[in-house]
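Peer 1: Got a predicted structure here, sequence first:
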Amino acid sequence: MTLWTSSEIAEATGGTASAEFAVTGVAFDSREIMPGDLFVAMRGEASDGHLYIDRAMASGAAGVITEQPVDHPHVLVADSAAALTALGRAARARTQATIFGVTGSAGKTGTKEALFQALDRMAPGAVHRSVKSYNNHVGVPLSLARMPRDARFGVFEMGMNHTGELAELTRIVRPHIAIITTIAPAHIGNFVNGEQGIADAKAEIFEGLEPGGTAIVPHDNRHYQRLYDAARRSTDKVVRFGSQADSEARLIDAIRAPEGGSLVTAEIGEARLCFRVSAPGDHWVMNALAVMSAVEAAGGDLAVAGLALADLPGLSGRGERRAVATPDGGSALLIDEAYNANPASMAATLALLGQEQATRRIAVLGAMKEMGETSDHYHAALVAPVIAAGVAHVILVGDEMAPLADALANSLEWQGTIAHVPAADAALGALQGLLANGDALLVKGSNSVGLSALVRALAETPATSAVAREGV
């Protein structure tokens, strides 16, 4: 199905089309071009997309958005990045879909994926969502521009690391339903007012709500009132999810399910239901309540959504679980949380590690970035969840982890061993010969630490099929 014609692209962007053409997809990375795609050639700090136009066309691109004339079908514009944003706005303007926006300090990608699964179970093939973590000033317009004309639902993740960023993104997305998963000290070094500043910045998502839209906020979070007040400034429809007696989406009970994950009993609006969440952890119980709240707000089928939550697939870097071979001929459980880390998600995933029935629990923990002047405090504070998880060996990666190494070394409760290494490649070396049959290994850190390479190296010779689960 045609996604955009050249004349539509030109009208949306204010550009000039060199010829008539039609595209079925949009990409700004020439390595991701599929036959029929529109290639958006953008200038960046490290590279210039215009240098890769020929490569994109050779890969099957049907046309190009470009700032300079080329010998290929194209739409000529003054600024390709601005043109992509304009194309995203045009996609939003033409759609009849119900639009969801998701943000939060942790869990936003997982919640976005879970919401997609729930909606897709109700309307197969008619749900569009952001892929990967395309949640910034480039990724959000790209995700919008890719939305099919006939989509019934659109789910968009929005991220931020400074004040004002979400306000801009949400006015492009214009959600009918906006979710904040949680507030925690992620990117806290960029905010003068600490977590309150983060809460205010996340609450900007409500500024783009369509008239009559629904805001969904975490009732158990300590910044709940701040979020609630911000939501009320944009809408009268505010749904609170949590364990509070007056939560509109109220957790009644959650127990560990025999087959993995959690068995949840909850009240969602007027309905009481029991469902299983395949992803383990208390944080995922709350993510599930947010998803159910969004489905309810959209008039969806809660029973069908519950079935989707029981079948959630894992996401690489966000809690995917797989068995990997060990030198002794056995296998160990690898919990891949290598994509991102902040104090809240670190504590949550360490708690999950502590629940694993394993011979030994081992953790490779990478530095938490963008913590600013509070970095030493938050890294040292991980001593409690590490000890509570019963970790036998910990490998700490990056200079920022020095306070945790010191805290563990000076703790009378710590009975394990510590290795503090400068980078991910050294962490892999520290693991050599350490893993044994029956171990459980958690790998978690900020994406820039590069622990995903360690995960890939460990997974090159998997012992068995992956057991997919998703975390923070």
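Peer 2: It's in. Residues are numbered from 1 along each chain as shown.
Peer 1: C-terminal to the helix or strand that A347 is a member of, which secondary structure element comes first?
Peer 2: Element membership of A347 [criterion: DSSP states H and E] is helix 343-355. Next along the chain after helix 343-355, taking DSSP H and E as the criterion, comes strand 361-366.
Peer 1: pLDDT (mean, whole number) over whichever helix or strand comes after that next one?
Peer 2: In the C-terminal direction, the helix or strand that comes right after strand 361-366 (DSSP H and E) is helix 375-380. Per-residue pLDDT values over helix 375-380 give a mean of 94.
Peer 1: what does stretch 411-423 give?
Peer 2: Over the span of stretch 411-423, the pLDDT mean works out to 94.
Peer 1: do stretch 245-255 as well
Peer 2: Stretch 245-255 comes out with an average pLDDT of 96.
Peer 1: Only the buried residues of that stretch, if you could.
Peer 2: For stretch 245-255, the neighbour count (16 or more other CB atoms under 10 Å) marks 247-251, 254 as buried. For every residue, glycine as well, the C-beta is placed using N, CA and C.
Peer 1: Put together JSON lines for those residues, with secondary structure and distance to E20 on each row.
Peer 2: Written out in JSON lines, the entries for the buried residues of stretch 245-255 read as follows (DSSP: H, G, I helix; E, B strand; the rest coil; distance: CB to CB, whole Å):
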{"residue": "S247", "secondary structure": "coil", "distance to E20": "54"}
{"residue": "E248", "secondary structure": "coil", "distance to E20": "51"}
{"residue": "A249", "secondary structure": "strand", "distance to E20": "50"}
{"residue": "R250", "secondary structure": "strand", "distance to E20": "56"}
{"residue": "L251", "secondary structure": "strand", "distance to E20": "55"}
{"residue": "A254", "secondary structure": "strand", "distance to E20": "56"}
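Peer 1: now for the residues you listed, which pair is the farthest apart?
Peer 2: E248 and A254 (17.6 Å; CB to CB).
Peer 1: Verify the contact between G159 and N135 for me.
Peer 2: Yes. Assessed by CB atoms under 8 Å, G159 is found in contact with N135 at 3.8 Å.
Peer 1: ok, and the closest non-adjacent residue to the residue nearest the centre of the chain?
Peer 2: Among the residues of the chain, T109 comes closest to the average C-alpha position under CA atoms, centre = their mean, at 2.2 Å. Excluding the flanking residues, the one nearest T109 by CB to CB, 6 or more residues apart in numbering is S133, at 5.4 Å.
Peer 1: ok, how many other residues are close to the one you found?
Peer 2: As a burial measure, the neighbour count of S133 was computed by other CB atoms under 10 Å and equals 18.
Peer 1: Return the residues in contact with G433.
Peer 2: Taking CB atoms under 8 Å, 6 or more residues apart in numbering as the definition of contact, the neighbours of G433 are P327.
Peer 1: can you tell me how far it sits from A459?
Peer 2: For G433, the distance to A459 equals 18 Å [CB to CB, to the nearest Å].
Peer 1: Run through the protein and note the low-pLDDT ranges.
Peer 2: For the chain, residues meeting the criterion pLDDT under 70 lie at 186-192, 461-472.
Peer 1: what do you get if the cut-off is 50, keeping everything else the same?
Peer 2: Confidence mapping of the chain against pLDDT under 50 gives the ranges 463-472.
Peer 1: Might one say that G25 is in contact with W4?
Peer 2: No. Here G25 lies out of contact with W4, judged by CB under 8 Å, at a distance of 9.3 Å.
Peer 1: anything in contact with each of the two?
Peer 2: L38.
Peer 1: which of the two has more neighbours?
Peer 2: Higher neighbour count among G25 and W4: W4, with 25 against 18, using other CB under 10 Å.
Peer 1: For the more buried one, name its beta-bridge partners.
Peer 2: Here W4 sits in beta bridges with V23, going by DSSP bridges.
Peer 1: That one and V23: what is the separation?
Peer 2: As it turns out, when the distance is counted by CB to CB, W4 lies 5 Å from V23.
Peer 1: Which residues are in contact with each of the two?
Peer 2: L38.
Peer 1: Wait, D282 touches T349, no?
Peer 2: No. The pair D282 / T349 is not scored as a contact, 11.3 Å apart, by CB under 8 Å.
Peer 1: Neighbour count: the two, which is higher?
Peer 2: With other CB under 10 Å as the criterion, D282 and T349 differ in neighbour count, and T349 comes out ahead with 28 against 13.
Peer 1: Now that one. Nearest residue, chain neighbours left out?
Peer 2: With CB to CB, 6+ apart as the measure, E337 is the residue that lies nearest to T349, at 5.1 Å, once sequence neighbours are left out.
Peer 1: Contact partners for that neighbour?
Peer 2: 317-319, 345, 349, 442-444, 471-472.
Peer 1: For stretch 68-77, buried residues please.
Peer 2: Buried positions in stretch 68-77, judged by neighbour count with 16+ other CB under 10 Å: 70, 72-77.
Peer 1: want to throw the residues you listed into JSON lines with secondary structure and distance to N410?
Peer 2: Compiled in JSON lines, the buried residues of stretch 68-77 are given as follows (three-state DSSP; distance: CB to CB, whole Å):
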{"residue": "V70", "secondary structure": "coil", "distance to N410": "62"}
{"residue": "H72", "secondary structure": "coil", "distance to N410": "63"}
{"residue": "P73", "secondary structure": "coil", "distance to N410": "66"}
{"residue": "H74", "secondary structure": "strand", "distance to N410": "63"}
{"residue": "V75", "secondary structure": "strand", "distance to N410": "62"}
{"residue": "L76", "secondary structure": "strand", "distance to N410": "64"}
{"residue": "V77", "secondary structure": "coil", "distance to N410": "59"}
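Peer 1: from those, which single one is nearest G154?
Peer 2: If you rank the buried residues of stretch 68-77 by distance to G154 using CB to CB, V75 comes first, at 23.7 Å.
Peer 1: need the contact list for the nearest residue to the closest one once chain neighbours are set aside.
Peer 2: The shortest distance from V75 to any non-neighbouring residue, by CB to CB, 6+ apart, is to G15 (4.2 Å). With CB under 8 Å, 6+ apart as the criterion, the residues that contact G15 are 9, 65, 75-78, 83.
Peer 1: can you do 6 Å?
Peer 2: With contacts defined as CB atoms under 6 Å, 6 or more residues apart in numbering, the neighbours of G15 are 75-77.
Peer 1: same question, F275
Peer 2: Neighbour list for F275: 264, 306, 309 [criterion: CB under 6 Å, 6+ apart].
Peer 1: hmm, try it at 7 Å
Peer 2: F275 is in contact with 264, 306, 309-310, counting by CB atoms under 7 Å, 6 or more residues apart in numbering.
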